[in-house]
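Engineer: Need coordinates for the following:
(one chain, ligands or ions: 1)
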Amino acid sequence: MLDMLASEYRRLYHIEVLCLEIDLSMPEFLAKLHSSLSGLEVGVVVYNAAFAPVGDFATMDPADLLRVVQVNVASPLALVRSLLPPMIRRKRGAIILMSSLAGNQGSPRLTTYAASKAFNTVLAEGLWHELRGRGIEVIVCCAGAVRTPGYAKTAGSDAPGALDADFVIERTLSALGRGPRVIPGFINQAANWVLSRIVPRRMAINIMAGSTKNLAADAARKKETGAS
Ligand SMILES: NC(=O)c1ccc[n+]([C@@H]2O[C@H](COP(=O)([O-])OP(=O)(O)OC[C@H]3O[C@@H](n4cnc5c(N)ncnc54)[C@H](OP(=O)(O)O)[C@@H]3O)[C@@H](O)[C@H]2O)c1
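Structural biologist: Numbering: from 1, shown residues only. Take a look at the predicted model:
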């Protein structure tokens with residue numbers, strides 16, 4: 001699959017593409033990455049991967065919870081820290097972290113994932129300020145629902161404001177230089193405004209609980225009934 005995409009990008013954009021198969025849940029991923037990158041300049045870092053198990057915290061596999069922390073927190077942190085110094089020397093580069101509106105408050109049934117996304121949002125905001133004026137742009141994309149394979153697996157139907165991935169990518173790239181944060185889609189911007197500025201924190205968490213309570217269960221039902 002990766003090789004197919006790489007051929008397509010070479011053909012369409014006349015660029016070099018290097019595919020690496022790396023498990024981001026293993027702290028050793030960085031050594032493998034650096035040995036494969038030797039000599040190559042990295043201009044733009046995008047950390048998009050995430051692990052998002054759904055369920056009640058108390059009954060989830062502790063190994064899965066730690067995997068969330070490794071894939072969504074420790075790995076982006078380590079990646080950015082290791083690729084940033086050459087960018088600072090060149091006075092040129094960009095860092096894009098993929099976060100979520102789920103990370104703006106506690107999100108029941110996505111508790112650890114949401115906490116990991118809060119980390120990414122705050123990390124990017126701090127970096128944005130530290131790197132301002134040094135030639136490096138930082139942006140964090142706080143997406144609402146995005147139609148992706150992972151979303152299709154956990155959600156039975158589109159949440160309000162659900163977007164296509166292409167739209168989210170386009171908005172995020174065009175927001176580079178206008179950081180620290182982008183929220184693609186008007187409905188998501190409005191929901192963020194209400195949840196973070198209008199309603200009390202407890203109510204924001206209750207509203208999130210309402211929208212996450214059927215995650216995974218919905219998808220399973222859709223599979224059983226064959227509904228689209
Ligand atoms: N979809 C949404 O509604 C939504 C909403 C807000 C934010 N986001 C954010 O958007 C980003 C992309 O989400 P998505 O919906 O596209 O997720 P997805 O469909 O579940 O895909 C997750 C991606 O992460 C990769 N990944 C997971 N664990 C990995 C590991 N240990 N090593 C290497 N790669 C790993 C997966 O690779 P494999 O395919 O090889 O497993 C896959 O490419 C995430 O950061 C997510 O938090 C998504």
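
Engineer: Quick check, pLDDT for Thr225.
Structural biologist: Looking at Thr225, its pLDDT is 41.

Engineer: now Leu37
Structural biologist: Reported pLDDT for Leu37: 89.

Engineer: Tell me, how many residues neighbour it?
Structural biologist: Neighbour count for Leu37, taken as other Cβ atoms under 10 Å: 14. Backbone N, C-alpha and C define where each C-beta goes, glycine included.

Engineer: contacting residues for it?
Structural biologist: Leu18 (Cβ atoms under 8 Å, 6 or more residues apart in numbering).

Engineer: any idea how far Leu30 is from it?
Structural biologist: Per Cβ to Cβ, to the nearest Å, Leu37 is found 10 Å from Leu30.

Engineer: Contacts only, for the residue of the chain found nearest the ligand.
Structural biologist: When scored by Cβ to the nearest ligand atom, the chain has Gly150 as its residue closest to the ligand, at 2.1 Å. By Cβ under 8 Å, 6+ apart, the contact set of Gly150 is Ala50, Ala52.

Engineer: secondary structure class for it?
Structural biologist: Three-state assignment for Gly150 (DSSP: H, G, I helix; E, B strand; the rest coil): helix.

Engineer: Just the mean pLDDT for stretch 132-143, thanks.
Structural biologist: 97.

Engineer: helices or strands up against the longest helix along the chain?
Structural biologist: Ranked by residue count and defined by DSSP state H, the top helix of the chain is helix 111-131. In terms of contacts (3 or more Cβ pairs under 8 Å, 6 or more residues apart in numbering; DSSP states H and E), helix 111-131 is packed against helix 62-69, helix 75-90, strand 93-100, strand 136-143, strand 181-182.

Engineer: Ok, which of these comes nearest Tyr47?
Structural biologist: With Cβ to Cβ as the criterion, Tyr47 lies closest to helix 75-90 of the helices and strands packed on helix 111-131, at 4.1 Å.

Engineer: Report the inter-axis angle for that closest one versus helix 62-69.
Structural biologist: Helix 75-90 and helix 62-69 meet at an angle of 20 degrees, taking axes from the mean of the first three to the mean of the last three Cα atoms, to 10 degrees as the criterion.

Engineer: Is helix 75-90 positioned near the ligand?
Structural biologist: No: Helix 75-90 is not in contact with the ligand by Cβ under 6 Å from any ligand atom; minimum separation 7.9 Å.

Engineer: Could you tell me how far that helix lies from the centre of the chain?
Structural biologist: 18 Å (Cα atoms, centre = their mean, to the nearest Å).

Engineer: what do you get for stretch 11-28?
Structural biologist: Relative to the chain's own centre, stretch 11-28 is displaced by 17 Å; criterion: Cα atoms, centre = their mean.

Engineer: Tell me if that stretch is near the ligand.
Structural biologist: Yes: with Cβ under 6 Å from any ligand atom as the criterion, the ligand is reached by stretch 11-28 at Asp23, Leu24, Ser25.

Engineer: would the last one count as being in a strand?
Structural biologist: Pointing back at Ser25 there. No: Ser25 sits outside any strand when classified using three-state DSSP, being coil.

Engineer: any idea of the pLDDT on it?
Structural biologist: Listed pLDDT for Ser25 reads 98.

Engineer: before we move on, the earlier item: TSV please, covering the residues of stretch 11-28 next to the ligand and showing neighbour count.
Structural biologist: Below are the residues of stretch 11-28 next to the ligand laid out as TSV (neighbours: other Cβ atoms under 10 Å):
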residue	neighbour count
Asp23	11
Leu24	21
Ser25	18
